[in-house]
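Peer 1: got a predicted structure here, sequence first:
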Amino acid sequence: MFTYILKRLAIAIPTLLLLIVISFVLMHSAPGGPFTSERELPPQVLANLNAKYGLDDPLWRQIVNYVWGIVSEFDFGPSFVYKDRTVNEIIAQGFPITLTYGLLSFAVAVIVGASLGVAAAMRHNSLLDYAAVGVSIGAQVLPNFVMAPILVLVFTLWLSWLPGGGWQGPEYWIMPVIALSTSFMASIARITRSSMLEVLTSNHIRTARAKGLPERQVILRHALKPAMLPVISYLGPAFVAMITGSVVVDIYFSTGGIGKAFVDSALNRDYAVMMGVTILMGALTIFFNLVVDILYGWIDPKIRY
């Protein structure tokens, strides 16, 4: 197992470094620059700004300095717009909020989705199965940018049950979590149901039932683990999608998360913040795919060889 993990790390680390280089090159290849505006700056002022931020160095040297700063000190550099703040400070302000409701949304999606899928598979072709499939289909066509305004309209404007924005307490978490988790919950329920139905018709399940084992034991000890393999492969990208999907949630619910910082940096041409958030999301994608690979190898040892 340790060798399997090392092999996955040997792939993940160079991929992350390549992501940093590609992000830097693409961002610096964009038309204009971080100090381009409707009112053109005097050449001497522009030259001084480029010298201050090291933008007058050759591209290869900028890349080396940027990568070394991230690798050695986890330093994404200064913001081009907020003169007294660094990219690390901007990310540190918004990322804990995004991570909080991202983890809550992930937990809700996994628990509700997996439970719904297992229940539907165990009661195949019953009213419960039809209801679970209907709920899954209905929820899957409601992405967060559709759910968010509907929730605000119903629970804030019409019923006045929940606050429509901010991040001051648990009552502010409910609508962002629902908006972010609904479509992922539906996908997990659908995948779990299909996988469980396939596993329940396999030979080892028939053997377990023929031995007279209780149905609860058959499901929990023999069916659930192999049925979770397709679900686990979906969870890594799903969690990262929840974090990146926070842009819509941040805008609608004014949570102050990292999505708002990313949108503001794009509008203000703050390339440093854009690169920092992009690299952070890419690192999370690589990390959670690595976790999924390790879990896959732990659940199914055949994959390690």
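Peer 2: Alright, I've got the coordinates.

Peer 1: hmm, Val273 is touching Ile90, no?
Peer 2: Yes - between Val273 and Ile90 there is a contact under Cβ atoms under 8 Å: 5.7 Å. Yep, even glycine has a C-beta here, placed from its N, CA and C like the rest.

Peer 1: shared neighbours, these two?
Peer 2: Common neighbours of Val273 and Ile90, counting by Cβ atoms under 8 Å, 6 or more residues apart in numbering, are Ser79, Ala261.

Peer 1: of the two, who's got more company?
Peer 2: Neighbour totals were compared for Val273 and Ile90, and Val273 leads with 28 against 24 (other Cβ atoms under 10 Å).

Peer 1: can you check the pLDDT for the more buried one?
Peer 2: You'll see Val273 listed with a pLDDT of 89.

Peer 1: quick check: closest non-adjacent residue to it.
Peer 2: Among residues not flanking Val273 along the chain, Ser265 sits closest, at 3.6 Å (Cβ to Cβ, 6 or more residues apart in numbering).

Peer 1: from what I see, the one you found and Val81 are in contact.
Peer 2: Yes - counting by Cβ under 8 Å, Val81 is a contact partner of Ser265 at 7.5 Å.

Peer 1: quick one, which of these two is more surrounded?
Peer 2: Ser265 (25 against 18).

Peer 1: the residue nearest to the spatial centre of the chain: what's it in contact with?
Peer 2: Centrality entry for the chain: nearest residue to the mean C-alpha point is Val240, 1.7 Å, by Cα atoms, centre = their mean. Neighbour list for Val240: Met281, Leu284, Thr285, Phe288 [criterion: Cβ under 8 Å, 6+ apart].

Peer 1: most surrounded residue in the residues you listed?
Peer 2: Thr285 (20 neighbours).

Peer 1: so that residue sits against Phe239, correct?
Peer 2: No - under the criterion of Cβ under 8 Å, Thr285 makes no contact with Phe239, lying 9.1 Å away.

Peer 1: how many other residues sit next to the closest residue to Ser246 other than its chain neighbours?
Peer 2: Take Ser246 and drop its neighbours on the chain: the residue closest to it by Cβ to Cβ, 6+ apart is Gly259, 4.2 Å away. As a burial measure, Gly259 scores 22 neighbours (other Cβ under 10 Å).

Peer 1: what about Ser233, which SS state?
Peer 2: The local conformation at Ser233, judged by DSSP: H, G, I helix; E, B strand; the rest coil, is helix.

Peer 1: can you check Lys83 too?
Peer 2: Classified using three-state DSSP, Lys83 is coil.

Peer 1: near it, how many residues? Count them for me, please.
Peer 2: 8.

Peer 1: look up how far Asp270 lies from it.
Peer 2: 11 Å (Cβ to Cβ, to the nearest Å).

Peer 1: do Ser126 as well
Peer 2: 55 Å.

Peer 1: and what of His28?
Peer 2: 14 Å.

Peer 1: dump the residue contacts of Pro42.
Peer 2: Per Cβ under 8 Å, 6+ apart, neighbours of Pro42: none.
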